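K.L.:
here is a sequence together with a model predicted from it:
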Amino acid sequence: MQSEAGEGLHVAIIMDGNGRWAARRGWPRVAGHRAGVAAVRRVVERAPELGIARMTLYAFSSDNWRRPALEVRSIFSLIAAYLRIERERLKEVGARLEAIGRRDRLPRLLLREIEQCESATAGGRRLHLRVAVDYSSREAIARAAAELVGEGGMHSHEALERGLAAVLHAAGGDVDLLIRTGGEKRLSDFLLWESAYAELVFTDRMWPDFDETDLEAAVVEFRRRDRRFGGVPAANAETAAMAAELSGAALRTP
Ligand code: FPP
């Protein structure tokens, strides 16, 4: 299911480079994450003006549990503080906050901030802001599949694919543009199904330095791309149809 024209873009961001940004300044990694929160504020403010209707930010992957406990705690505290401090501003911006990922392993304080922010911003219509916390795309796909199997919905491989697409689409929909900062070029278990046809933009900019201009540049780059979803370029579509018609006619010729 591709996003429909006029619906607004779904932009997903892998916010990478906080640790290196801090290390280059001789600061602890958590200082990079703190500066990363400021970058989150900047992109959230700018997104609706760029035609972005949905934005999914990768704040903490299920693999990030492997980090030192102090860093994990700091990231959770920063997310909780962001949700508490920004709650009113998110309402003003017209953003609806939703956390995606597992909730059963999150600290109670963070869970409470998530729930309060979700209910306070439930009426937001300009931007659907999804924050991925304790998130793994493989886990999300497996969970959706298990749900379908449990419902007895898995009759064939096609039915499973349709069912999965429906479950995952309802959860957030396809990604149009996926941005990764920090110079690495990988997906790191983020929205794998939803990014099947996403345009990928990788930038060397470290996340704490990422700003409105960088977001705009990525959207401009996205608009320049020719999205074909496995088809042919729009300009060639007519030629392709004519060719198909001609080859059909040739086959019909006695
Ligand atoms: C990746 O950089 C970043 C993270 C794992 C944490 C991201 C968290 C924030 C930006 C703060 C809070 C988020 C929200 C939504 C308020 P890294 O630490 O892997 O950087 P490195 O590759 O340079 O080590």
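P.N.:
Thanks, I have the structure now.
K.L.:
Gly183 and the ligand, how far apart?
P.N.:
Distance, Gly183 to the ligand, using C-beta to the nearest ligand atom, to the nearest Å: 9 Å. Glycine gets a C-beta too; all of them are placed from N, C-alpha and C.
K.L.:
residue of the stretch 51-200 of the chain nearest the ligand, please.
P.N.:
Taking C-beta to the nearest ligand atom as the measure, the point where the stretch 51-200 of the chain comes nearest the ligand is Tyr82, at 3.6 Å.
K.L.:
need the contact list for the residue nearest to that residue when sequence neighbours are not counted.
P.N.:
Excluding the flanking residues, the one nearest Tyr82 by C-beta to C-beta, 6 or more residues apart in numbering is Val37, at 5.4 Å. Contacts here follow C-beta atoms under 8 Å, 6 or more residues apart in numbering; on that basis Val37 touches 78, 81-82.
K.L.:
secondary structure element for Gly32?
P.N.:
Using DSSP states H and E, Gly32 falls within helix 29-46.
K.L.:
what about Arg138, how many residues nearby?
P.N.:
11 (other C-beta atoms under 10 Å).
K.L.:
how close does it get to Leu148?
P.N.:
16 Å (C-beta to C-beta, to the nearest Å).
K.L.:
go on, Ala23?
P.N.:
Separation of Ala23 from Leu148 (C-beta to C-beta): 44 Å.
K.L.:
now swap in Arg54 and tell me
P.N.:
Counting by C-beta to C-beta, the separation of Arg54 from Leu148 is 24 Å.
K.L.:
for stretch 199-219, which outside residues touch it?
P.N.:
9, 11, 15-18, 20-22, 32, 35-36, 38-39, 42-43, 45-47, 50-52, 176-185, 221-222, 225, 227.
K.L.:
now that stretch: mean pLDDT?
P.N.:
Regarding stretch 199-219, the rounded mean pLDDT is 98.
K.L.:
what's the answer for stretch 83-97, then?
P.N.:
Mean pLDDT, computed over stretch 83-97, is 97.
K.L.:
likewise for stretch 119-130?
P.N.:
What stretch 119-130 shows for mean pLDDT is 97.
K.L.:
quick one: buried residues of it?
P.N.:
Under the neighbour-count criterion of 16 or more other C-beta atoms under 10 Å, stretch 119-130 has 120-121, 124, 127-130 buried.
K.L.:
Leu129: what's it in contact with?
P.N.:
Taking C-beta under 8 Å, 6+ apart, we find Leu129 in contact with 44, 54-55, 57, 90, 95-98.
K.L.:
and the nearest residue to it once chain neighbours are set aside, bridged to which residues?
P.N.:
Using C-beta to C-beta, 6+ apart and skipping the chain neighbours, the partner closest in space to Leu129 is Ala95 (4.7 Å). On the basis of DSSP bridges, Ala95 is bridged to Leu127.
K.L.:
the chain should start at 23 in everything you say after this.
P.N.:
Sure, I'll start counting at 23 from here, so that last one is Ala117.
K.L.:
my reading is that the residue of the stretch 73-222 of the chain closest to the ligand lies in a helix. Confirm?
P.N.:
Yes. With DSSP: H, G, I helix; E, B strand; the rest coil as the criterion, Tyr104 is located in a helix.
K.L.:
ok, it - contacts?
P.N.:
By C-beta under 8 Å, 6+ apart, the neighbours of Tyr104 are 59, 62-63.
K.L.:
over to Gly116?
P.N.:
By C-beta under 8 Å, 6+ apart, the contact list for Gly116 reads 70, 146-149.
K.L.:
how much space between the residue lying closest to Asn86 once chain neighbours are set aside and Val52?
P.N.:
Leaving out its chain neighbours, the residue that sits closest to Asn86 by C-beta to C-beta, 6+ apart is Val94, at 6.8 Å. Separation of Val94 from Val52 (C-beta to C-beta): 11 Å.
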